[in-house]
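**Q** generate a structure from the sequence data that follows.
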Amino acid sequence: MRLLFVCLGNICRSPAAEVVARKLLPECDIDSAGTGHWHVGEVPYEPMQNAARARGYDMSGLRARQVVPKDFDRFDLIIAMDTRNLEDIAALRPKGNATPVKLFTDYAPETGRDHIPDPYYTRDFDGALTLIENAAKGLAQTIGQQR
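**A** Purely as a prediction, here's the structure:
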């Protein structure tokens, strides 16, 4: 299965989701992107890298990129960090494409959250990472049940 995680700038939430999901789903092809273009080519935000590193995740090799319409053909599932990302992704959908686009928190209903808050603004990198880990575990269970 090919998975794409999407947030706003692709420097905090979606690259963190990418490295967490790679650890839980090594058989999947996993990437991340942002809806915005501001950080294209940049490494993930240092405070997010530090929080991830403290939990055993290495984000240093990742570089930000922007989601593009071709991603709908390249991936089996596109996963958004919040409803604004979901709407921005939907606006890029090519006509006739049926690739599912879901909210990441749909895979962690027990958290009671409808989005992964953006730690670039909230400064809660550990909190975001905990939500990402919970959602990634739920996603891994869902994918395991589909096999």
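
**Q** rest of the way, CA atoms for contacts and neighbours
**A** OK.

**Q** what is the least confident helix or strand in the protein?
**A** helix 125-146 (a mean of 93; mean pLDDT, DSSP states H and E).

**Q** now residue 73: which helix or strand?
**A** In this assignment (DSSP states H and E), residue 73 forms part of helix 71-74.

**Q** enumerate the positions of that helix that are buried.
**A** If you call a residue buried by 16 or more other C-alpha atoms under 10 Å, then helix 71-74 has these buried ones: 71, 72.

**Q** low-confidence ranges, the protein, go.
**A** Applying pLDDT under 70 to the chain picks out residues 147.

**Q** okay, strands next: where are they in it?
**A** 2-7, 29-34, 77-80, 101-103 (DSSP state E).

**Q** tell me the buried residues in the second one?
**A** Which is strand 29-34. Those would be 30, 31, 32, 33, 34, for strand 29-34 by 16+ other C-alpha under 10 Å.

**Q** list the contacts of residue 31.
**A** Listed by C-alpha atoms under 8 Å, 6 or more residues apart in numbering, the contact set of residue 31 reads 3, 4, 5, 15, 18.

**Q** could you rerun that using 10 Å?
**A** For residue 31, the contacting residues are 2-6, 14-15, 17-19, 21-22, 62, 65, 75, 78, by C-alpha atoms under 10 Å, 6 or more residues apart in numbering.

**Q** ok, of the residues you listed, which come out buried?
**A** 3-6, 14-15, 17-19, 21-22, 62, 65, 75, 78.

**Q** mind listing what's buried in the least confident helix or strand of the chain?
**A** 125-129, 131-140.

**Q** what are the contacting residues of the helix holding residue 73?
**A** By C-alpha under 10 Å, 6+ apart, helix 71-74 touches 2-4, 33, 77-78, 89, 92-94, 97-101.
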